[in-house]
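Predicted model and sequence below, questions to follow.
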Amino acid sequence: MTPSPPPGRYGRWRDQAIALGWLIAVWNLLWGEVTWGNLVGGTLVGAAVLLFFPLPPVSFGGRLRPTALLVLAGTFVVELVSASVHVAAIAVRPGFRPRGAIIGVRLRVRSDLNLALTAELLSLVPGTLIVQVDRDAGVLYVHVLDVRVPQDLTGSRDRVLAVEERIVRAIGSDAELRLLSTDPADRRSET
């Protein structure tokens, strides 16, 4: 998949303004109240962060699909509750020592946005943690908890790919949706 062209001057300014807005909001949340002083302070701190620590541009070439976004959010909540109950059961089981494993999962869509969102959603669910991201190869290395048989590894890999699929179906472009039908193992020859 070829990377999308960098956003134009207007797009870059728009992205910077959105980032500044979020930084101001976070600054006010950290202080616990919205005051003129916090708004000015947040603006100054946010502008300094964007000036001295510029982030690479992340372009969004997809489109928002509300139904798929609701499926993504609903499934995430269900997985969050289910995994929390599972990890809590492991924690209170006397004498039980869970076995963990680290698996590498090659994603089908290698955009920075997809890698970041997939990694974030996986890390928020108890029992999984992103250990490393290979950006060039599009591989997430995931630590999974409570692996007993080899089928658990396959199930964990399938869960990672399912999270990626829900994200792409919710906010991906048409080209990214087409990539979902390919197996990551089939795409190794493309790189």
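Thanks, I have it.

chain center to the host helix or strand of residue 120, what's the gap?
Here residue 120 sits within helix 112-124, counting by DSSP states H and E. Counting by C-alpha atoms, centre = their mean, to the nearest Å, helix 112-124 is centred 1 Å from the centre of its parent chain.

show me where pLDDT drops low in the chain?
1-11, 57-60, 183-191 (pLDDT under 70).

picking that back up, now do the helix or strand just after the helix holding residue 120 against helix 112-124, angle only.
Remark: after helix 112-124, the chain's next helix or strand is strand 128-134, criterion DSSP H and E. Between strand 128-134 and helix 112-124, the angle comes out at 150 degrees (axes from the mean of the first three to the mean of the last three C-alpha atoms, to 10 degrees).

List the buried residues in stretch 86-102.
By 16 or more other C-beta atoms under 10 Å, the buried positions in stretch 86-102 come out as residue 87. No exception for glycine: its C-beta is placed from N, CA and C like everyone else's.

Just want the phi and psi numbers for the residue nearest to residue 23 when sequence neighbours are not counted.
Nearest non-adjacent residue to residue 23, counting by C-beta to C-beta, 6 or more residues apart in numbering: residue 46, 3.3 Å away. When read as degrees, to the nearest 10, the backbone of residue 46 gives phi -60, psi -40.

secondary structure class for residue 178?
The three-state assignment at residue 178 reads helix, by DSSP: H, G, I helix; E, B strand; the rest coil.

err, residue 181, not the other one
coil.

again, but for residue 96
coil.

and it, what does it touch?
By C-beta atoms under 8 Å, 6 or more residues apart in numbering, the residues touching residue 96 are residue 90.

What separation do you get for the spatially most central residue of the chain and residue 152?
By C-alpha atoms, centre = their mean, the chain has its centre lying nearest to residue 117, at 1.7 Å. As judged by C-beta to C-beta, to the nearest Å, residue 117 and residue 152 stand 25 Å apart.
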